[in-house]
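Visitor: Fold the stuff below for me.
(2 chains)
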2 protein chains.
Amino acid sequence: MITGKNYIGNSWSNRGTKTYKTFNPLLNIENEPIFYEATQQEIDEAVSLATDAFKIFKKTSGEQRAKFLNQIADEILALDDQLIQTYCSETGLPEGRAKGERGRTIGQLRSFAELVKEGSWVEASIDTALPDRKPIPKPDIRKMLVPLGPIVVFGASNFPLAYSTAGGDTAAAFAAGCPVIVKSHPMHAGTGELVSSAIVKAAEATGMPNGVFSNLNSSGIEVGKQLVEHPRVKGVGFTGSIRGGRALYDMAAKRNEPIPVFAEMGSINPVVIFPKALENRGDELAKTYAGSITLGSGQFCTNPGLLLGFKGGRLNTFISSLANEIIGIEPSCMLHPNIIGAYENNKQKALSQDGLEAIVDLETKVSPNFARQAITTVDGDTFLKNPTLHQEVFGPFSMVVQCDNVEQLELIISKLEGQLTGTVIAEDDETDRYSRVIEALQNRVGRIIFNGVPTGVEVCPSMVHGGPYPASTDSRFTAVGINSIKRWVRPFSFQSWPDHLLPKELKNDNPLGISRLVNNKLTKEKI
Amino acid sequence: MITGKNYIGNSWSNRGTKTYKTFNPLLNIENEPIFYEATQQEIDEAVSLATDAFKIFKKTSGEQRAKFLNQIADEILALDDQLIQTYCSETGLPEGRAKGERGRTIGQLRSFAELVKEGSWVEASIDTALPDRKPIPKPDIRKMLVPLGPIVVFGASNFPLAYSTAGGDTAAAFAAGCPVIVKSHPMHAGTGELVSSAIVKAAEATGMPNGVFSNLNSSGIEVGKQLVEHPRVKGVGFTGSIRGGRALYDMAAKRNEPIPVFAEMGSINPVVIFPKALENRGDELAKTYAGSITLGSGQFCTNPGLLLGFKGGRLNTFISSLANEIIGIEPSCMLHPNIIGAYENNKQKALSQDGLEAIVDLETKVSPNFARQAITTVDGDTFLKNPTLHQEVFGPFSMVVQCDNVEQLELIISKLEGQLTGTVIAEDDETDRYSRVIEALQNRVGRIIFNGVPTGVEVCPSMVHGGPYPASTDSRFTAVGINSIKRWVRPFSFQSWPDHLLPKELKNDNPLGISRLVNNKLTKEKI
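Guide: Residues are numbered from 1 along each chain as shown, chains lettered A, B, ... in the order given. Below is the predicted model of the structure:
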């Protein structure tokens, strides 16, 4: 049963009077549970508990944290159908997607468990003393990564599991040794509560300190603001809109003690299609891209919102094929009336720009909250001159830009804001000729794809999900994959520290058997 | 000869009309050379050249960059006496210090050269494709670190070589593949120009693109502001005051595209002295700390400005010994009239606080710009209540806080701002009893030292020079050691990218022979 209450550490709390409900977009009705917005006092308690819990949690071993993470995964699986049904009722997404995302979430938790159980991720580094060095002796210095402190996580509307309550940000923070306070996403507060209950159960079962996790309900911006501005909060993870992410970044930057905010925000994920590839595979590309643009109703941050090609008959044919393919795909339900409202507004704003042609099916009758796909096209010059056209339209929408020549294409790419991904569609013998374009694209993105689609973010160590602003607020980190743990840790040095007081990772006899840089050589040997 | 001109790439430029001179604090006179402040146009040209140079520089091999870095080191050494004399004339520091710092600078350049020549620092990671994976195939994904773009470096007044023109920030940025624009420190503009000439010579000799380096003179804040706000600048390195570093951080955070600012700022470097150690080694500690506090006229960011002990006879004896030792040390010359002016002001401000006792020699006659050392003492309660006492007094100054008990000591530490270092002076059998104090200290610092002094920052892979704000603006990075390269790079993924187009670091046959994470296993093997 969903209670609608906050979790302040392991305890329920609903001291507030402000309430809200989630919405079933498929049925176009509100869901029943009533959620209680967290109060200032509840926020303070959660942060205070997290601060106390940090003192204990940061000292837990990798093995203990791995147990915690694996137990969370087990508890999420144990929620079974209740979780899947709640997820679907709060998102309008199909069961298959819910299960797929649950699998991804479980996979993330287990991969962080594996990482911290093995232990070498702390980048242990040891420089032994040289007492006889002249003119002054060299002291023994040892370094490893340590957790930052309590982290606040804002879940994403479009990934209620994988980038939300127990998603990548939370899993990475727990793995690092940081307590987490989740600002629950109001569109899937029920899903969030269920996942929170799994985390709390796992924390209790594996002996984690009370306060290692809290879940705060909120339908507005106030709870999030208070959390980000709280002096004891030491970092923020966010997935969502540029406006939302930037607001949090600005709040954090204005604090007396600024803290890192890793916000993964919008992206239009440019795709450059070169002539020969278009000639050889135009129809196939139209089909593939129609699928990618409409996948999950276009509600992916890697949705290809911008296709770039050279003006001419072949591109015209491609645009027609793409539009036909798109219109042939059944409209699908978006996450929430607010999301489809924003989609329709942004689409209309784009469509009303001068010089833009649109291919939209206006005839098919669609159910409430179902999105009509749209393909638009514009020439390179118009695109260059109008920054409104560079903005993301979150939903099943894409724009084909018809460039005059390679110089214009390169210029357009160099003028784009930072992007999560860029894609190159080319025949092998085209890459040399267009190397400057490809290089310009590399400079604007976090991940570059050859002859594929940007949707589908593989969870693996080599994945970068992030990129130059505004793809993320700090391109030096990724939001996906085990390296995302680096967002929540800092290096720490011990100088001339007695061996018995050192953490295991840095002791002479390397009791954890981890890889360490010893006097500049990577080894698992003892000292 | 010192020309006083700016380097815009490899060319001299002095189009401005605003000029200034440096100052010899030892002789208490201005130095002769006239420096021309960079104009808006010169700033734009430097950034524009850097942006163009980046396209070429980022593609240079680790070996090429190593040659460049080593050549810079050689050219700095070739400046020989002229550099040492100029350094001394602009700082009042002795020749031995100048030579020592030059050695450190050379060592840093060569260690980055070694790092990039070997090449494994890029954290290459490869996840090979699984075309048969169900439900969807896994693509080939490969990741490595790539440079951010043009970096602006602000030199430190107190390290004209090691943390300035060709100091750690610049060396790290070059190693990463980022062009550097130095905002020259006005107090040692001549030293800066000489070192710049060495960098330009090295860039020309090793075929680096024009614009890989520029040096802009400036005596005020305008040039720095314009650089940090320039849309094509992608990162900032700074060493200096909290006020200065925070101002740059704020400017960068307010940009349309915020950029990372790594500012290494002030610190009072708390030292906790436990009773038995005080009993057994009080006199020796007084002598050692008198040396550490007055080293380089106290002009080190790791200067121990706060000593914490338990109230009582032994601490009183220690304070007397420390004061006697300090007074016995000859006053020494500070860097500049502005620095000694600030020292005297801040010292007076501290001395005028209620409840503070001071032991200062007011009788010895000192030359202009020479600093009188000061030891002050205050009780724990007074210290806790007065945040003014927590502020750094940059110079040969330290404060002993007499704590009532261990709870108060822990409370004081937990209330301190972030610090570069913390030091524990203890006998081995005291560490258990005071473990909570030691842990609280760890939470506030970037480096913790056992039975030593915080001054002396070893350049080695295990060093962390940084820490929670305001020790630095981002505790997740270090300003010293090879890992400081991480400030100027971002991870980048290639998906399904053709082998012949991949950078060498990620090609199947591993032509550079570097360590790579291949399918989650660290190896130098080919694929």
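Visitor: Mind checking what secondary structure the residue nearest to A:K143 when sequence neighbours are not counted has?
Guide: Counting by C-beta to C-beta, 6 or more residues apart in numbering or on different chains, the nearest residue to A:K143 once its immediate chain neighbours are dropped is B:S462, at 4.1 Å. No exception for glycine: its C-beta is placed from N, CA and C like everyone else's. Secondary structure of B:S462, reduced to three states by DSSP: H, G, I helix; E, B strand; the rest coil: coil.
Visitor: Quick check: phi and psi on B:S462?
Guide: As for B:S462, its main-chain torsions (degrees, to the nearest 10) stand at phi -90, psi 0.
Visitor: what's the pLDDT at it?
Guide: Among the per-residue scores, B:S462 shows a pLDDT of 97.
Visitor: And for A:T239?
Guide: For A:T239, the model assigns a pLDDT of 96.
Visitor: Please apply the same query to A:I327.
Guide: The per-residue pLDDT reported for A:I327 equals 89.
Visitor: Next up, the contacts around it.
Guide: Counting by C-beta atoms under 8 Å, 6 or more residues apart in numbering or on different chains, A:I327 makes contact with A:359, A:361, A:373.
Visitor: Give me the subset of these that also touch chain B.
Guide: Checking the contacts of A:I327 against chain B by C-beta under 8 Å from any C-beta of the partner chain, not one of them is in range.
Visitor: between the residues you listed, which is closest to chain B?
Guide: Distance from chain B was checked for each of the contacts of A:I327 by C-beta to the nearest C-beta. The minimum falls on A:Q373, at 22.1 Å.
Visitor: Tell me where the stretch 151-300 of chain A has strands.
Guide: When secondary structure is read from DSSP state E, counting those that start in this stretch, the stretch 151-300 of chain A shows strands at A:151-154, A:180-183, A:213-216, A:235-239, A:261-264, A:270-273.
Visitor: mean confidence score for stretch A:140-159?
Guide: Averaged across stretch A:140-159, pLDDT comes to 97.
Visitor: number of nearby residues for A:G100?
Guide: Applying the criterion other C-beta atoms under 10 Å in any protein chain shown, we find 16 residues in the vicinity of A:G100.
Visitor: That one belongs to a helix?
Guide: Yes: applying three-state DSSP, one finds A:G100 inside a helix.
Visitor: Next, give phi and psi for A:I221.
Guide: Here the main-chain torsion angles of A:I221 (degrees, to the nearest 10) amount to phi -100, psi -10.
Visitor: who touches it in this structure?
Guide: Contact analysis of A:I221 by C-beta under 8 Å, 6+ apart lists A:A247.
Visitor: can you tell me how far it sits from chain B?
Guide: Distance of A:I221 to chain B, computed by C-beta to the nearest C-beta, to the nearest Å: 19 Å.
Visitor: next one: A:D81
Guide: Between A:D81 and chain B the distance is 21 Å, computed by C-beta to the nearest C-beta.
Visitor: follow-up on the earlier one: got CSV for the strands of the stretch 151-300 of chain A, with distance to B:E427 too?
Guide: Conversion of those to CSV gives the following (distance: least, C-beta to C-beta, whole Å):
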stretch, distance to B:E427
strand A:151-154, 37
strand A:180-183, 39
strand A:213-216, 40
strand A:235-239, 37
strand A:261-264, 43
strand A:270-273, 64
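Visitor: Just say which of the ones you listed is most tucked in.
Guide: strand A:213-216 (a mean of 30; mean count of other C-beta atoms under 10 Å in any protein chain shown).
Visitor: hang on, the residue nearest to A:K143 packs against A:S496?
Guide: No: when contacts are counted by C-beta atoms under 8 Å, B:S462 is not listed as touching A:S496 (11.9 Å).
Visitor: More neighbours: which of those two?
Guide: B:S462 (30 against 16).
Visitor: mind listing what that one touches?
Guide: Neighbour list for B:S462: A:125-127, A:141-143, A:493, A:517, B:481 [criterion: C-beta under 8 Å, 6+ apart].
Visitor: Could I get those in JSON lines, plus columns for distance to A:A426 and secondary structure?
Guide: JSON lines is the format used below for those (distance: C-beta to C-beta, whole Å; DSSP: H, G, I helix; E, B strand; the rest coil):
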{"residue": "A:S125", "distance to A:A426": "42", "secondary structure": "strand"}
{"residue": "A:I126", "distance to A:A426": "47", "secondary structure": "strand"}
{"residue": "A:D127", "distance to A:A426": "47", "secondary structure": "strand"}
{"residue": "A:I141", "distance to A:A426": "49", "secondary structure": "strand"}
{"residue": "A:R142", "distance to A:A426": "49", "secondary structure": "strand"}
{"residue": "A:K143", "distance to A:A426": "44", "secondary structure": "strand"}
{"residue": "A:S493", "distance to A:A426": "47", "secondary structure": "strand"}
{"residue": "A:L517", "distance to A:A426": "40", "secondary structure": "strand"}
{"residue": "B:G481", "distance to A:A426": "42", "secondary structure": "coil"}
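Visitor: Thank you kindly, that will do.
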